[in-house]
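Asks: Structural data only, the sequence is not supplied:
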């Protein structure tokens, strides 16, 4: 298995530019840990640190000037290939939630760990991924609600 699965899928999409390749990227991004520039100050707790109300993710206006959360695919490989550009890791799912909920944010900019390409997840895409699918069949009824 590759050490850079998310970056590999990003490269695939950069070449193919198909809806299917972008969907593969989105599915893997949601399930991946990505690097971020943590901002703010963590609050101390008895067992280490935890995120306080002023801890967030760095943003960028790279490209078109729109404010987006900045993320780095495949953090370990990104560190080896490009040096320390980030200081924390978080799941792609959490970044999508942040982008979807922040009124000032236009989405997420994800940088590859293997080449100098990036992909954008727009705010509308992040919002659509955070809403439950209406086409899914309901799960089985709980035992206590069966007739």
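Replies: That came through fine. Remember, it's a predicted structure, so these values are computed and weren't measured experimentally.
Asks: who are the neighbours in contact with residue 39?
Replies: Contacts for residue 39 were tallied using Cβ atoms under 8 Å, 6 or more residues apart in numbering; they are 55-58. C-beta: built from backbone N, CA, C; applies to glycine.
Asks: Mark which of the residues you listed are buried, thanks.
Replies: With burial judged by 16 or more other Cβ atoms under 10 Å, the buried subset of those is 57-58.
Asks: Next, format the contacts of residue 39 as CSV and append distance to residue 12 and secondary structure.
Replies: Shown next, in CSV, are the contacts of residue 39 (distance: Cβ to Cβ, whole Å; DSSP: H, G, I helix; E, B strand; the rest coil):
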residue, distance to residue 12, secondary structure
55, 33, coil
56, 31, strand
57, 26, strand
58, 27, coil
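Asks: could the contacts of residue 39 be laid out in TSV, adding pLDDT?
Replies: Formatted as TSV, the contacts of residue 39 follow (pLDDT from 0 to 100):
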residue	pLDDT
55	70
56	84
57	91
58	92
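Asks: how about stretch 95-103: buried residues?
Replies: Going by 16+ other Cβ under 10 Å, stretch 95-103 has these buried residues: 95-96, 98-100, 102.
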